[in-house]
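Q: take a look and give me a structure for this.
(one chain, ligands or ions: 2)
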Amino acid sequence: MGKKAREIVNISIEDLLKDLNSLYADEWIAVFYYTWASDFIEGPVYLEVAEEIERISKEEAEHMSELSDRIFELGGEPERDLEDLQKIANCKKIVFPKDERDIDGVVNALAEAEGCAIEAYNRLLHKVSACYEKDLRTFHLVEHILSEEIQHEEAFENLLLKKKQ
Ligand SMILES: [Fe+2]
Ligand SMILES: [Fe+2]
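A: Ligands and ions are numbered 1, 2, ... in the order given. Predicted structure coming up:
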C-alpha cells in the first residue's frame, strides 16, 4: 500500500499491525491444534468429526493468508519467528483430553478456542469501526473472518448436540 493509502487509515498503523499480527498468530496456532486434533481422535464417529475439523482448519489457513496479505499491504510483515508467534497470540493454548476417544472433550476444547477467536476479532472490529470509512478494507476483512469464526463455534457446538441425540 502506498503513502497516501496508508495516511487515510486513521488509526495508528503500528497498533493495527500489532493486532493483525496477533490474529495471524492465532490462526497459525489454530491450524496446528486443529490438524493435531483431527489426527488424534478415535472412536465410532471419529471420521465425521475429523472431516469437520479439517474443513474448519482449511478456513483458518485461509484467514492466515488473508491477514498476511493485509499486513503486507499496510507496510508491515507477518511474524516470521515461530517462538514469537506464540508470544503475540491472543489465544495461546488448546488443552485436549488425554483420551483420544473423548471426542466430546476435544470438540469442546475447539468450541472454546473459537470463542477466543470471536472475542479477539470482535475487539478489533470495534476498534476499526471507529474509522470505518477510512479503512474499509480492514473493516470488511475482520468482519468477514469474524462471521466465519461464529460459524465455526456453531459447527462444533452442533457436533456436540448431534452426538447427544
Ligand atoms: Fe480463523
Ligand atoms: Fe475458527
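Q: for residue 44, report the pLDDT, please.
A: For residue 44, the pLDDT comes out at 84.
Q: what residue lies at the spatial centre of this structure?
A: Geometric centre of the chain, nearest residue: residue 27, 4.2 Å, by C-alpha atoms, centre = their mean.
Q: so, low pLDDT: which residues of the protein?
A: 1-10, 132-133, 163-165 (pLDDT under 70).
Q: the residue of it found nearest ligand 1 and residue 134, how far apart?
A: Here the chain gets closest to ligand 1 at one residue, residue 63, 3.7 Å apart by C-beta to the ion. From N, CA and C alone the C-beta is placed, and that goes for glycine too. Residue 63 sits 23 Å away from residue 134, taking C-beta to C-beta, to the nearest Å as the criterion.
Q: between these two, point out the one with more neighbours.
A: residue 63 (23 against 15; other C-beta atoms under 10 Å).
Q: I'd guessed that one sits against residue 146; true?
A: No: using C-beta atoms under 8 Å, residue 63 is not in contact with residue 146, being 10.1 Å away.
Q: the protein against ligand 2: which residues are in contact?
A: 114, 149, 152 (C-beta under 5 Å from the ion).
Q: on that earlier part again, how far off centre is the helix or strand containing the residue of the chain closest to ligand 1?
A: Element membership for residue 63, per DSSP states H and E: helix 46-73. Relative to its chain's centre, helix 46-73 lies at 8 Å (C-alpha atoms, centre = their mean, to the nearest Å).
Q: repeat for stretch 18-27
A: Stretch 18-27 sits 8 Å away from the centroid of its parent chain (C-alpha atoms, centre = their mean).
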